[in-house]
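Q: pasting the sequence and the predicted coordinates here, then a few questions.
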Amino acid sequence: MAIISVRDLNKEFHITRKNHGFMGVVRGLFSPQYEVKQAVSGISFDVEQGEMIGFIGPNGAGKSTTIKMLTGILVPTSGEITVNGRIPSKHREENAFSIGVVFGQRTQLWWDLPLIESIDLLKDVYRIPQDVYKRNVSFLTELLDVGHFMHTPVRQLSLGQRMRGDLLAALLHDPSILFLDEPTIGLDAIAKESIRGLLASINRERKVSVMLTTHDMADIEKTCKRMIIIDKGQLVYDGGIDEIKRRYGKSRKLIVDFKEEPQLTGLTSAYVLWREGLRVAIGFDKDTISASELISQVSKRNELADLTIEEPEIEAIISEIYENGIEQRRSDLREKVVL
Ligand SMILES: Nc1ncnc2c1ncn2[C@@H]1O[C@H](COP(=O)(O)OP(=O)(O)OP(=O)(O)O)[C@@H](O)[C@H]1O
Ligand SMILES: [Mg+2]
């Protein structure tokens, strides 16, 4: 059975419209004016034990709202959720015992207390038996490398240290699922890499299912096999990251430095993307023409000084899906000028 099951999930927010002027206020007394914001629309998916899923989408897509419904903080307007067989909004406390939650934007640690004291308090909150507590603190302290700032007040920690402290707090009670909402936000490249490595090893070693939202595609690419994309509250993709690369990442860029002004007429299945002096970027679709075929066509008429081939980054593929939708995504190539 799936550890998380979501069926036709909807969330509407009712925002009270401000009434201006005396008559507006009076009118508002008789018929309150609501604006309905549909944050999540008909989302369904399942998560199996031990999966690690990237949950992505542009700003305002409904990611945090969905995570909040999965953790029981928000009640769905309609639809069904089960997490470990429970309905989170109805069994909020029991649900909290089986999940770990990290919101990158704010901490669940006590700001003025040293990390160790926050951790001690959580031991009581989660009623963690002494032996389990000892084992987990020692395992996680080592894994997360938090030993040297255990006695520092949380407010004095760097963002990266605090995030590791938050991970410690979220994992203390052996949750089977970890929800992370932007755990790498604001971190530098090295701290991001370290958090990615930690998440991957927690998932691998403890078989914890992980659901991760982020705007950094490298987080997803380095840790998850599966990706769920939502946009305007709707699910637009649920599947493998490799599959999305195969499906949408067929365009290639051949960048050539020529020794002299190149002759590029008469090439087939390739397109000039840009030119800078003797450097020319040529776009092609790898299913239409192979790189070696294209190189041999180009080098027949010209002397080459250097060349490189670039694949599209997942980042570029995803931002195009955000812009054009998943089906309408057009390849860069089609509308470029034929050589
Ligand atoms: N408490 C709320 N009251 C009213 N509207 C809300 C509330 N929370 C979220 N929304 C709206 O619901 C939509 C989805 O917001 P949500 O925070 O889930 O997006 P997100 O995908 O997490 O975006 P981001 O990447 O910016 O964090 C947005 O239009 C937002 O303005
Ligand atoms: Mg959010």
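A: Received, thanks. Ligands and ions are numbered 1, 2, ... in the order given.
Q: how about the closest residue to ligand 2 within the chain, what does it touch?
A: Residue nearest to ligand 2 within the chain (C-beta to the ion): Ser64, separated by 3.1 Å. Bear in mind the C-beta positions are built from the backbone N, C-alpha and C, glycine included. In this structure, Ser64 makes contact with Asp181, Thr213, judged by C-beta atoms under 8 Å, 6 or more residues apart in numbering.
Q: kindly report the same for Glu261.
A: Leu278.
Q: that one: which element?
A: Secondary structure assignment for Glu261, by DSSP states H and E: no helix or strand.
Q: what does Glu80 give?
A: Using DSSP H and E, Glu80 sits in strand 78-83.
Q: what is the mean pLDDT for that strand?
A: On average, the pLDDT along strand 78-83 is 97.
Q: what does stretch 45-59 give?
A: Computed over stretch 45-59, the average pLDDT equals 96.
Q: and the strand holding Glu80, what other elements does it pack with?
A: For strand 78-83, the elements it packs on are strand 4-16, helix 63-71, judged by 3 or more C-beta pairs under 8 Å, 6 or more residues apart in numbering; DSSP states H and E.
Q: toward the C-terminus, what is the element adjacent to that strand?
A: Heading C-terminal from strand 78-83 (DSSP H and E), you reach helix 92-98.
Q: over to the closest residue to Asp188 other than its chain neighbours: give its phi and psi.
A: Nearest residue to Asp188, sequence neighbours excluded (C-beta to C-beta, 6 or more residues apart in numbering): Gly160, at 7.2 Å. Dihedral angles of Gly160 (phi, psi; degrees, to the nearest 10) stand at phi -70, psi -40.
Q: in this structure Gly160 contacts Ala191, no?
A: Yes. Taking contacts as C-beta atoms under 8 Å, Gly160 lies within contact range of Ala191: 3.4 Å.
Q: next, count neighbours for Ile318.
A: Neighbour count of Ile318, defined by other C-beta atoms under 10 Å: 23.
Q: quick check: which helices or strands does the helix or strand encompassing it pack against?
A: Element membership for Ile318 (DSSP H and E) is helix 314-324. Applying 3+ C-beta pairs under 8 Å, 6+ apart, we find helix 314-324 packed against helix 217-223, strand 226-231, helix 241-248.
Q: does ligand 1 have contacts with the first one?
A: No. Using C-beta under 6 Å from any ligand atom, helix 217-223 never reaches ligand 1; the gap is at least 13.2 Å.
Q: contacts for that helix next, please.
A: By C-beta under 8 Å, 6+ apart, helix 217-223 touches 52, 54, 56, 183-184, 192, 196, 199-200, 203, 210, 212, 214, 227, 241, 313-315, 318.
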